[in-house]
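Engineer: Below is the sequence, then the predicted model.
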Protein chains: 2
Amino acid sequence: MNYKDMFSARTEEVRLVVESYLPPVEGHQSTVLAAMDYSVRAGGKRLRPMLMEETYRLFGGQGKEIEPFMAAIEMIHTSSLIHDDLPCMDNDTLRRGLPTAWVKFGYDMAVLAGDGLLIYSMETAAKALSMTDRPDLVARCMGILAEKTGIFGMIGGQTVDVELAGKPVPREKLDFIYRLKTGALLEAAMMIGAVLGGGDEKQLKLVEKMASCLGLAFQIQDDILDMTSSAEVLGKHVHSDEKNHKTTYVTLEGIEKAKQDVERISVEAISCLHELPGQNEFLEALIRILVNREK
Amino acid sequence: MNYKDMFSARTEEVRLVVESYLPPVEGHQSTVLAAMDYSVRAGGKRLRPMLMEETYRLFGGQGKEIEPFMAAIEMIHTSSLIHDDLPCMDNDTLRRGLPTAWVKFGYDMAVLAGDGLLIYSMETAAKALSMTDRPDLVARCMGILAEKTGIFGMIGGQTVDVELAGKPVPREKLDFIYRLKTGALLEAAMMIGAVLGGGDEKQLKLVEKMASCLGLAFQIQDDILDMTSSAEVLGKHVHSDEKNHKTTYVTLEGIEKAKQDVERISVEAISCLHELPGQNEFLEALIRILVNREK
């Protein structure tokens, strides 16, 4: 099995773990539960939980307590997509080839489904408490997850992105947006894997840097794909950045420089990986696949 | 000092604790930080953190680790108000005598400020880890807070409330809405006080019931005030339930029955309190003040 096939197989395995933590769609609040369920099942690469689990394995982790956190981080990611797509934000009607949550369930239910997933992630993460005798590590990981999701993480990045929509963005602000909007949640994913796997503080710093580089390379690749790919391959509207007069890494630096930087930054991520103890060849391959992806 | 004066003094003390945990309004994401700050400082009775601390004291708690949770629960409450006021929900322009967050900061920033506060609550709660040698209790309380906030708590109640807006609501669904939308967060407040104060499982059940009764009495009183009070006293639009053709406890049961039930249910809450060990006369007075309030 080559690494691309392994990636597909792992995506499927991770999907099953994530979906096993979704609450059943029933009861008085079934509409919003359906909206949460629909949005999580709509798919995607399951990148964050996969990176979390692979980092956990890198550090020798073998328990089940990683699973609630895998589900939690995918819920948070999905929550952000639901809110990003709202009419008052990006006003997007198509995501992963399907109608966005607000189109399908209404504006109010989409706000509540995003809220619901955001906090259900923490309810889910807390389930790890009954799966380990290290409540201190579980609490610490819940703190990391909240911090990297919040105003000094993903939501902070989204805020600046939304405020500058349609305006020229200086490089310094673009870096800030990329570091927070995409990077922070990848950092949370890999740091949680490291903490639960027993990594020490110095290793945790290195993991954070590795994830930060991966996030930046991943986001620049996203910009490249928005410019060069087709809606059929990507399953969402393309050239949306151009249509929205959005400043991206590609519009600031040009496509050739962007491609070179993706390569350079991904090499930096991999060199962090090599400094860490343990071996996980698939994790290295995964980083390469993600930054060289075509959709 | 009588209990009403004590209540005012405690509101002020609790306000200072809560505000001390607000992040500074600065940096690239300062707009959304300003919206979060504005909304939390807009005030209110600081009921949830006060009940949390008083329950903690009832159980003999004397540490500082309660404080991050006090701030956290007020952040969650504020987050829900910000999202409830949005045009796609209640479309309210006035709250506590001030323009609502979406009016002042824009629709997009209000969505993000609500998201920001919702998850910053967990980041804040995690600070308790460095203030106690019981990480297991901190993690458990984070779990309780998430559960009572989420889809099986406050957000679940809000969902059903929004879905039924303008439609006749059967008593069974109204009970569900009240139990979740108002009750759940009061339950979280008092349960967290009990857990951090060292209460056992049996006591925790009793605390949950006490809080549930208090929540129901409080919400029915809210309906009564919406019908009978003035905008000047209340600091928000009155008769909004009537204008929105909203089913409330008062429209279903009549104002006299509603008043009797507030009394009956608050007596039930106080009898739970008497079954618990410890003594906290102010907590008992507080319950009476809350259910007999005029604003």
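Structural biologist: Sure, I can see it. Numbers count the residues shown, from 1 in each chain, chains lettered A, B, ... in the order given.
Engineer: Quick one: neighbours of A:Gly156, just the number.
Structural biologist: Neighbours of A:Gly156 under the rule other Cβ atoms under 10 Å in any protein chain shown: 25. C-beta: built from backbone N, CA, C; applies to glycine.
Engineer: Let me fix that, I meant to ask about A:Lys64.
Structural biologist: For A:Lys64, using other Cβ under 10 Å, the count is 12.
Engineer: cool, and A:Ala34?
Structural biologist: For A:Ala34, the neighbour count with other Cβ under 10 Å is 17.
Engineer: Just the element for the closest residue in space to it that isn't next to it in sequence, please.
Structural biologist: Closest residue to A:Ala34 apart from its sequence neighbours, by Cβ to Cβ, 6 or more residues apart in numbering or on different chains: A:Val25 at 4.9 Å. Under the criterion DSSP states H and E, no helix or strand holds A:Val25.
Engineer: isn't A:Val25 right up against A:Thr31?
Structural biologist: No - in this structure, A:Val25 is not within contact of A:Thr31 by Cβ atoms under 8 Å, at 9.0 Å.
Engineer: Comparing the two, which residue is more hemmed in?
Structural biologist: Legend: neighbour count by other Cβ under 10 Å for A:Val25 and A:Thr31, higher for A:Thr31 (19 against 15).
Engineer: sec struct for the more buried one, please.
Structural biologist: Look at A:Thr31: counting by DSSP: H, G, I helix; E, B strand; the rest coil, its state is helix.
Engineer: Now it. Nearest residue, chain neighbours left out?
Structural biologist: The nearest residue in space to A:Thr31 (Cβ to Cβ, 6+ apart) is A:Met109, at 5.6 Å.
Engineer: does that neighbour count as helix, strand or coil?
Structural biologist: A:Met109 falls in the helix class when you classify it by three-state DSSP.
Engineer: How are the helices of the stretch 101-250 of chain A distributed by residue range?
Structural biologist: For the stretch 101-250 of chain A, helices defined by DSSP state H, counting those that start in this stretch occupy the ranges A:101-105, A:107-125, A:135-149, A:154-163, A:171-178, A:184-196, A:201-228, A:231-234, A:240-243, A:249-253.
Engineer: Let's have those helices in CSV, adding mean pLDDT.
Structural biologist: Output for the helices of the stretch 101-250 of chain A, formatted as CSV (pLDDT from 0 to 100):
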stretch, mean pLDDT
helix A:101-105, 98
helix A:107-125, 98
helix A:135-149, 97
helix A:154-163, 95
helix A:171-178, 92
helix A:184-196, 98
helix A:201-228, 94
helix A:231-234, 57
helix A:240-243, 64
helix A:249-253, 91
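Engineer: Distance to B:Ile192 for the ones you listed - can I get that in CSV?
Structural biologist: Converted to CSV, the helices of the stretch 101-250 of chain A look like this (distance: least, Cβ to Cβ, whole Å):
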stretch, distance to B:Ile192
helix A:101-105, 31
helix A:107-125, 14
helix A:135-149, 14
helix A:154-163, 24
helix A:171-178, 35
helix A:184-196, 24
helix A:201-228, 29
helix A:231-234, 45
helix A:240-243, 44
helix A:249-253, 44
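Engineer: Get me the contact residues on the stretch 101-250 of chain A for chain B.
Structural biologist: Contact residues (Cβ under 8 Å from any Cβ of the partner chain) of the stretch 101-250 of chain A with chain B: A:106-109, A:111-112, A:114-116, A:118-120, A:122-123, A:126-127, A:129, A:135-136, A:138-140, A:142-143, A:145-147, A:149-152, A:155-156, A:158-160, A:162-163, A:173, A:176.
Engineer: returning to that earlier point: for the residue nearest to A:Ala34, what are its contacts?
Structural biologist: A:Val25 sits next to A:Leu33, A:Ala34, A:Asp37 when contact means Cβ atoms under 8 Å, 6 or more residues apart in numbering or on different chains.
Engineer: Specify which member of those residues is nearest to chain B.
Structural biologist: A:Leu33 (6.5 Å; Cβ to the nearest Cβ).
Engineer: quick one: that closest one and A:Ser39 touch, right?
Structural biologist: No - A:Leu33 lies out of contact with A:Ser39 (Cβ under 8 Å); the separation is 10.9 Å.
Engineer: do you know how far A:Ala189 is from chain B?
Structural biologist: As for A:Ala189, its distance to chain B is 16 Å (criterion: Cβ to the nearest Cβ, to the nearest Å).
Engineer: What about that residue, how many residues nearby?
Structural biologist: By the criterion of other Cβ under 10 Å, A:Ala189 has 33 neighbours.
Engineer: Surely it is in contact with A:Ala211?
Structural biologist: Yes - the criterion here is Cβ under 8 Å, and A:Ala189 meets it with A:Ala211 at 6.9 Å.
Engineer: Now for those two: what residues contact both?
Structural biologist: Residues touching both A:Ala189 and A:Ala211 by Cβ under 8 Å, 6+ apart: A:Leu51.
Engineer: The closest residue to A:Arg41 other than its chain neighbours: which element?
Structural biologist: Counting by Cβ to Cβ, 6+ apart, A:Arg41 lies nearest to A:Glu19, which is 6.6 Å off, once chain neighbours are set aside. A:Glu19 is part of helix A:3-20, with elements assigned from DSSP H and E.
Engineer: what's next to that helix, contact-wise?
Structural biologist: So helix A:3-20 is contacted by A:1, A:40-41, A:43, A:45-46, A:49-50, A:53, A:67, A:70-71, A:74-75, A:282, A:285-286, A:288-289 (Cβ under 8 Å, 6+ apart).
Engineer: mind saving the C-alpha coords of it as CSV?
Structural biologist: Provided in CSV are the C-alpha atoms of helix A:3-20 (Å, rounded to 0.1, in the frame of the first residue of the first chain):
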residue,chain,number,x,y,z
TYR,A,3,1.1,6.4,1.2
LYS,A,4,-1.8,7.9,-0.8
ASP,A,5,-3.8,4.7,-0.3
MET,A,6,-2.9,4.7,3.4
PHE,A,7,-4.1,8.3,3.6
SER,A,8,-7.5,7.3,2.2
ALA,A,9,-7.7,4.2,4.5
ARG,A,10,-6.8,6.3,7.5
THR,A,11,-9.3,9.0,6.5
GLU,A,12,-12.0,6.3,6.6
GLU,A,13,-10.8,5.0,10.0
VAL,A,14,-10.7,8.5,11.5
ARG,A,15,-14.1,9.3,10.0
LEU,A,16,-15.6,6.3,11.9
VAL,A,17,-14.0,7.4,15.2
VAL,A,18,-15.3,11.0,14.8
GLU,A,19,-18.8,9.9,13.8
SER,A,20,-19.1,7.5,16.7
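Engineer: Would you mind checking the average pLDDT for that helix?
Structural biologist: Helix A:3-20 shows a mean pLDDT of 94.
Engineer: What are the buried residues along that helix?
Structural biologist: Within helix A:3-20, the residues scored as buried using 16 or more other Cβ atoms under 10 Å in any protein chain shown are A:Phe7, A:Arg10, A:Thr11, A:Val14, A:Arg15, A:Val17, A:Val18.
Engineer: how distant is it from the center of its chain?
Structural biologist: Remark: helix A:3-20 is offset 15 Å from the chain centroid, using Cα atoms, centre = their mean, to the nearest Å.
Engineer: Pick out the residue nearest the middle of chain A.
Structural biologist: Centroid-nearest residue in chain A, with Cα atoms, centre = their mean: A:Arg48, separated by 4.8 Å.
Engineer: Who are the contact partners of that residue?
Structural biologist: The contact partners of A:Arg48, taken as Cβ under 8 Å, 6+ apart, are A:Ile73, A:Glu74, A:His77, A:Leu185, A:Leu186, A:Ala188, A:Ala189.
Engineer: And for A:Met36?
Structural biologist: With contact taken as Cβ under 8 Å, 6+ apart, A:Met36 is in contact with A:Leu22, A:Pro23, A:Met75, A:Thr78, A:Ala113, A:Gly116, A:Leu117, A:Tyr120, B:Ile151.
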